[in-house]
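Q: give the three-dimensional model of this entry:
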Amino acid sequence: MKSLILASRFTRFSKRSEMAGLGIAHATLKGPNVVKEILIGITLGLCAGGLWKMHHWNEQRKVRAFYDMLEKGEIGVVAEE
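A: Prediction:
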């Protein structure tokens, strides 16, 4: 008798949850926004290009400083014995 009552309560509960799930509105999937994706791609490309360019400017500065010091005689490329 007790299991029959529990089973009837469970079936009522499951019917309620099924019925409650039917009223939920789901978001519809949309296609890609081409203009937005192009703008995001351009923005990311410009940011990555700017960082790459800054890296190369920094390396160029280091090379110039090295050759300037080498020309002035402050440093040498031959190891002293």
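Q: burial check on Ala48, number of neighbours?
A: Using other CB atoms under 10 Å as the criterion, Ala48 is surrounded by 10 other residues. Bear in mind the C-beta positions are built from the backbone N, C-alpha and C, glycine included.
Q: now the protein, which segments are flagged as low pLDDT?
A: Under the criterion of pLDDT under 70, the regions of the chain flagged as low confidence span 1-27.
Q: this protein: helices as residue ranges?
A: Assigned by DSSP state H, the helices in the chain fall at 2-22, 34-72.
Q: separation between the nearest residue to Ile75 once chain neighbours are set aside and Val77?
A: Using CB to CB, 6 or more residues apart in numbering and skipping residues adjacent in sequence, the residue nearest Ile75 is Met69, 4.8 Å away. Met69 is 11 Å from Val77, where distance means CB to CB, to the nearest Å.
Q: Glu37 now?
A: Counting by CB to CB, the gap from Glu37 to Val77 is 51 Å.
Q: higher neighbour count, these two?
A: Here Glu37 and Val77 are set side by side on neighbour count (other CB under 10 Å), and the busier one is Glu37, at 10 against 6.
Q: check contacts around the more buried one.
A: If you count contacts by CB atoms under 8 Å, 6 or more residues apart in numbering, Glu37 has none.
Q: all further residue positions should be reported with the first residue as 185.
A: Let's use 185 as the start, then, which means that last one is Glu221.
Q: and the gap between it and Leu228?
A: With the distance defined as CB to CB, Glu221 ends up 11 Å from Leu228.
Q: what of Glu243?
A: Spatial separation of Glu243 from Leu228 under the definition CB to CB is 23 Å.
Q: next: Ala249.
A: Remark: distance between Ala249 and Leu228 (CB to CB) = 32 Å.
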